[in-house]
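Asker: below are the sequence and a predicted model; questions follow.
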Amino acid sequence: MAQYHSKNIFLETKAEKDIQTLPTPVREAFDELFSLLHKYGSLSYPQARKLSNYNLFELRVKQKNLYRCIYCYHNNSIVILSVFKKKSQKTPLKEIEKAKKRRDNLLS
């Protein structure tokens, strides 16, 4: 029997603004992933993956382009830290650093 661990999902203020700038189909795809993440507490590839060497994870959406959402676990909740359109194969270090900074602000 599978056991599910639902988690509350929060959007960091700047990430919430970023997601509003995305095309509607992309926002809807992220909303579906947020629902699954809320229900199950975690997702696996291809919907999500852990970023190597960081305590961060990314949600993955492929519409006409690739879009990513970086999140972390905090106080038994999930916090969406950064949302962006992916333009290269690797996750941009700039986006990882932005997410780390936002995560660290939560902890302080």
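Answerer: On my side now, so go ahead.
Asker: which residues in this structure form strands?
Answerer: Remark: strands of the chain, listed N- to C-terminal, are 8-11, 48-50, 57-62, 66-74, 77-86; assignment by DSSP state E.
Asker: tell me the mean pLDDT for the shortest one?
Answerer: Spelled out, it's strand 48-50. Along strand 48-50, the predicted confidence averages to a pLDDT of 95.
Asker: give me the sheet partners of that strand and which way each runs.
Answerer: Looking at strand 48-50 with DSSP bridges, its paired strands and their directions are strand 57-62 (antiparallel).
Asker: CSV please, covering the strands of the chain and showing distance to Lys101 and mean neighbour count.
Answerer: Just so you know, the C-beta spots here come from the backbone N, C-alpha and C atoms, and that holds for glycine as well. What follows is the strands of the chain, written out as CSV (distance: least, Cβ to Cβ, whole Å; neighbours: other Cβ atoms under 10 Å):
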stretch, distance to Lys101, mean neighbour count
strand 8-11, 16, 15
strand 48-50, 19, 15
strand 57-62, 16, 19
strand 66-74, 11, 20
strand 77-86, 9, 21
